[in-house]
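**Student:** Following is a predicted model, sequence given first.
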Amino acid sequence: MDRDWLVFHPSPSKPAFRPPPGAVDAHCHVFGPGDVFPYAPERKYTPCDAPKEKLWELRDYLGFERNVIVQATCHGADNRALVDALKASNGRARGVATVKHDVTDEELRALDAAGVRGVRFNFVKRLVDTTPREVLRSIAERIQPLGWHIVIYFEAQELPELYDFFTSLPTTVVVDHMGRPDVTQPLDGPEFELFIRLLRENPNFWSKVSCPERLSKRGPDAYEDVVPFARRVVETFPDRVLWGTDWPHPNMKSHMPDDGKLVDFIPKIAPTVELQRKLLVDNPMALYWSR
Ligand SMILES: O=C(O)c1cc(C(=O)O)oc(=O)c1
């Protein structure tokens, strides 16, 4: 693994907040193990191994029942570790894959049978080389007939440039980590307003309200500066939000979050039982377990 890599928390605290029955951790990853599922040659980082067994352990410990596993960039478009985890999950995990434009229909059908329900398009420059938009569009057209959605990951300052491309996508679109707002800017400032507009004017757009540990400028255990942003999204679009741990937290440099504390963040951003049920159960079940 990279020399400055931070390994996931070895013994997270037990959260005080108890997720409702059937709760889904809708954004997490598996890494390797590298000797079985090698990391992609084109990767931008080499992580510690974070195998499926550790993910199931964390799921049970935190009080969740299901996972949505998102293909991490360190595995490129080689979805073998993801598929292996999905098949071993007894139907308790669904996946979001990364595919290239030359993926065959047979490969797409096999991914679907394993539990994949979407593809990820990544625009974060430190994580991937740029893929031309025509290529992304052709992938979008290939996956649309399967009823899959597209997950997009980008930084807030890129949104003005990407906005028209995003809104031209033909499927449900899920934004990772709230579009990574700069939380030192005002909640009603132009940057976050553009993100709110994206969701307001495009009913096919959803948002993950995850990763306070990445967005906070205050550091460990004090993610209060992220609360108003996430809470605004949850309260404005209660039927189009998802939550996830982001375990094993790739590329965290400032600190490694305590996953139990991340779970205790949930009632701050979804303050009522009804909002919590939508965020953790109804919404992810509708998007990932409708069949
Ligand atoms: O911010 C990140 O570094 C990051 C990386 C990845 C990935 O490498 O797939 O996924 C995430 O959700 C977040």
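**Tutor:** Structure received.
**Student:** Can you tell me the centre-most residue of this structure?
**Tutor:** In the chain, the C-alpha nearest the mean C-alpha coordinate belongs to H27, at 3.7 Å (C-alpha atoms, centre = their mean).
**Student:** Could you tell me the per-residue confidence at that residue?
**Tutor:** pLDDT for H27: 98.
**Student:** can you check V183 too?
**Tutor:** Per-residue pLDDT puts V183 at 97.
**Student:** my guess is it meets D225, correct?
**Tutor:** Yes. Assessed by C-beta atoms under 8 Å, V183 is found in contact with D225 at 4.8 Å. For glycine as for every other residue, the C-beta is placed from the backbone atoms N, C-alpha and C.
**Student:** How much space separates the residue lying farthest from the centre of the chain from D112?
**Tutor:** Centroid-distance maximum for the chain: E106 at 25.7 Å, with C-alpha atoms, centre = their mean. Distance, E106 to D112, using C-beta to C-beta, to the nearest Å: 11 Å.
**Student:** now do D239
**Tutor:** 25 Å.
**Student:** more neighbours, those two?
**Tutor:** Shown here are D239 and D112; by other C-beta atoms under 10 Å, D112 has more neighbours (17 against 11).
**Student:** Write out the residues of the stretch 1-150 of the chain neighbouring the ligand.
**Tutor:** 72-74, 127 (C-beta under 6 Å from any ligand atom).
**Student:** Excluding chain neighbours, what is closest to R18?
**Tutor:** In this structure, R18 finds its nearest non-sequential neighbour in G63, 5.5 Å apart by C-beta to C-beta, 6 or more residues apart in numbering.
**Student:** Verify the stated contact: the one you found with P15.
**Tutor:** Yes. With contacts counted by C-beta under 8 Å, G63 reaches P15, the gap being 7.0 Å.
**Student:** Quickly list what's touching both of these two.
**Tutor:** V263 (C-beta atoms under 8 Å, 6 or more residues apart in numbering).
**Student:** Any idea how many residues pack against the residue in the stretch 151-291 of the chain that the ligand sits nearest to?
**Tutor:** The nearest approach of the stretch 151-291 of the chain to the ligand comes at N251, 3.4 Å away (C-beta to the nearest ligand atom). Counted by other C-beta under 10 Å, the residues lying close to N251 total 17.
**Student:** quick one, what contacts it?
**Tutor:** Per C-beta under 8 Å, 6+ apart, neighbours of N251: 45, 126-127.
**Student:** try it again with 10 Å
**Tutor:** N251 is in contact with 2, 4-6, 44-45, 47, 73-74, 124, 126-127, 214, counting by C-beta atoms under 10 Å, 6 or more residues apart in numbering.
**Student:** From P186, how far out is A81?
**Tutor:** Separation of A81 from P186 (C-beta to C-beta): 41 Å.
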